[in-house]
Each structure stands twice: as C-alpha cells, then as structure tokens.
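Asks: kindly generate the corresponding structure for this input.
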Amino acid sequence: MLRNNIKIVLTGSNSKLLSREMASHLTGRYSTIELFPFSFHEFLIAKEMKWKGTGTAREKGLLHGYYREYAEKGGFPEVVAGESKRSYIVNLFDAIVTRDIIYRYNLRHIRTFRDLAIYLSGNYASEISYNRIKNIFGLGSENTAKNYVSYLEEAYLVACMPKFSFKKQESLRYRKIYLIDTAFPVVAGNSFTPNYGRLLENVVFLNLARNAKRLRYELFYYKKQVEIDFVIYSNRKVLEIIQVAQTINDSKTLRREVRALRTAANELKAEKLTIITLDESKVLSEEGSRSIRIVPVTEWLLGDGEKGRKGEG
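Replies: Next comes the predicted model:
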C-alpha cells in the first residue's frame, strides 16, 4: 500500500499497543507521532484570538487572561470548545484507568491502583520515588510501584521526568511526575483552589516535552545542592537550565532562584539560564557570571517554547 502511495494513520490512547506491539509487524514501515492536547498557541487559535506580538498593555492583558483559562481548563479540544471540564475529565480519567489499564493488564488490586492514579493527579509537578509509593499504598515491592506508574504513563495520563545525574542508578530511582493535561487535577478535587505555581510548571513541562523528540533533546530535573526544574540536554551537553516561579517580586524568592541557577550552571556548564514567570520580564547581568533571562510564560510559550530550543520556526 505504501508503494501505491497510500498512507495509513492509526490512532489510539495506549502507547504500548501502538509503538511496541505493532513494531514487530511493521518494522521499518511506520513512524510514531505523539499527539498532545492543545498547546497554548493552538488554544489561542481555537479561541480565535489574534495577537500581533505588539506587546501593548491590552494585548498582554488578553494573553494573560487566556493563559489562566488554558492553565485551569487544559488543552483537550472538547473542553476548549465548551464542554463541562469536570464531567468530561472525570469520565475520561475513569475510562482510561478502567479500559486501557485495569482491564488490559488484568490488575487485581483495583482500588489501590485507582487510589494511586488519583494521588498522582493531585501531586503533579512533584518528585516521587518508587519506594515511597510502595510504602504509601502498601504495595509488595518497588517494582510493582514502578509498573503501576509506567501503566499510567503508557496510557498518557501522566508523564515522568528523570533526575539528571552522572550516576545512572540514582537517575533511575527518582522521577518528577507531571500530568499530560492540566485539567486532570480536577480528579483529585483540586479544581476549587488551583495551584497556579504548579500549573505553571506543568504547562512549561508539556511544551518542552512536546518539542523534545523533534528537536532531539532530553529533559531532566536537577537536585543536588540546589534544585532546578528543567535541564535541557543534548549531545552530551546541557543546552539550557530553566526555573519556573509564579512571581519573583519578592526579593528573597528572586535571590533563591538566581542562586540556584548560578550554582547549577557552574556544576553543569550551562550557558543559557532562564526563569519563567507569570508576567515579569528582564535580564539579570552580573559581572563574571552568565546573564539570566526572566520571561513571562505567554511570551515564552509563543516564542521560545513554540519554536523550540534551537531557534527553529
């Protein structure tokens, strides 16, 4: 069929079914494409919002309002089009957990697995260890915890980001957990008091993950003397380190974030240092140190985040 210029597109919600099981039948004749929920750019298009990049106060205000809506409602097309977020997301979550995971893997401890899925939905943008999950849910082993998290990842409910370490064993033990869409905290009952700081970090993660395969970089977090939210790594080199902070108006917060970036930059030999905030913009320069760019999330999502790490687009 390919020789006759006929292309087949096969879609589904389970990555293992499509990319692993089909690979043995279609070796060399298929290409996997990960389709995420709407990016902020796509969200604005769906909302028919036209921006000119003029940077006027009115345009900035409109973009900021749309960003808050995007962070709270997420990027599923049905929700963006007006369907009730709570009912749609809860039903989608339940269908994926039941159909794509519990039935598929014939899990016996159904309530425990559901509780774990809900727990992760409420503890996104946080570091997890398989040993801690094992202890919280009384699982038989760390391996069971690892399998459960991997099932959720394969079904595109969560995404895991490894810890950056030159010691591979340490990198394998810890993960930061993110949601594949920022609407999913509603499942854990977190929709009434949105945590805009963690939502901001999750939005940034999704945009970085969306571009990672195409631009051939790996995504990590760093935690040693200091903690860095995102490490962009390619060709055995750290391209950029990124901190996410809802605001840096407080001088103590600014000093903490700047110190973390400068400390990690020296350790990782990073040249590009960035802080992503809700609405602040400036460049911090210090003699003898690398400059730090502070950028509003809307500008980053429609600029660097949309084009990628190498200036494409």
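
Asks: show me the strands in the stretch 1-150 of the chain, by range?
Replies: All strands of the stretch 1-150 of the chain, identified by DSSP state E, counting those that start in this stretch, fall at 126-129.

Asks: in it, where is pLDDT below threshold?
Replies: Applying pLDDT under 70 to the stretch 1-150 of the chain flags residues 13-28, 54.

Asks: what ranges do the helices span in it?
Replies: 15, 40-46, 57-73, 77-80, 85-95, 104-105, 110-122, 130-137, 142-154 (DSSP state H, counting those that start in this stretch).

Asks: could I get those as a markdown table with mean neighbour count and distance to residue 198?
Replies: C-beta coordinates here come from the backbone N, C-alpha and C atoms, glycine included. Shown next, in a markdown table, are the helices of the stretch 1-150 of the chain (neighbours: other Cβ atoms under 10 Å; distance: least, Cβ to Cβ, whole Å):
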| stretch | mean neighbour count | distance to residue 198 |
| --- | --- | --- |
| helix 15 | 15 | 25 |
| helix 40-46 | 17 | 17 |
| helix 57-73 | 16 | 10 |
| helix 77-80 | 16 | 19 |
| helix 85-95 | 16 | 17 |
| helix 104-105 | 14 | 29 |
| helix 110-122 | 17 | 10 |
| helix 130-137 | 16 | 18 |
| helix 142-154 | 18 | 18 |
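
Asks: reformat the ones you listed as TSV; add distance to residue 250.
Replies: Shown next, in TSV, are the helices of the stretch 1-150 of the chain (distance: least, Cβ to Cβ, whole Å):
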stretch	distance to residue 250
helix 15	41
helix 40-46	26
helix 57-73	20
helix 77-80	33
helix 85-95	32
helix 104-105	46
helix 110-122	26
helix 130-137	31
helix 142-154	35
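
Asks: these: which one's closest to residue 186?
Replies: helix 85-95 (5.1 Å; Cβ to Cβ).

Asks: how distant is the closest one from the center of its chain?
Replies: 20 Å (Cα atoms, centre = their mean, to the nearest Å).

Asks: would you mind finding the longest helix in the protein?
Replies: Criterion DSSP state H: the longest helix present in the chain is helix 196-215.

Asks: show me what it is packed against.
Replies: helix 57-73, strand 158-162, strand 174-179, strand 218-223, strand 227-234, strand 237-244, helix 297-302, helix 304-307 (3 or more Cβ pairs under 8 Å, 6 or more residues apart in numbering; DSSP states H and E).

Asks: contacts for stretch 292-302?
Replies: 39-41, 51, 53, 60, 63-64, 67, 200, 203-204, 207, 248, 258, 261-262, 272-284, 303-304 (Cβ atoms under 8 Å, 6 or more residues apart in numbering).

Asks: make a ChimeraX selection of the buried ones in those residues.
Replies: ChimeraX command restricting these to the buried ones, with burial defined by 16 or more other Cβ atoms under 10 Å:
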select :39,40,51,60,63,67,200,203,204,207,248,258,261,262,272,273,274,275,276,277,278,279,280,284,304
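
Asks: residue 285 and residue 291, how far apart?
Replies: 5 Å (Cβ to Cβ, to the nearest Å).
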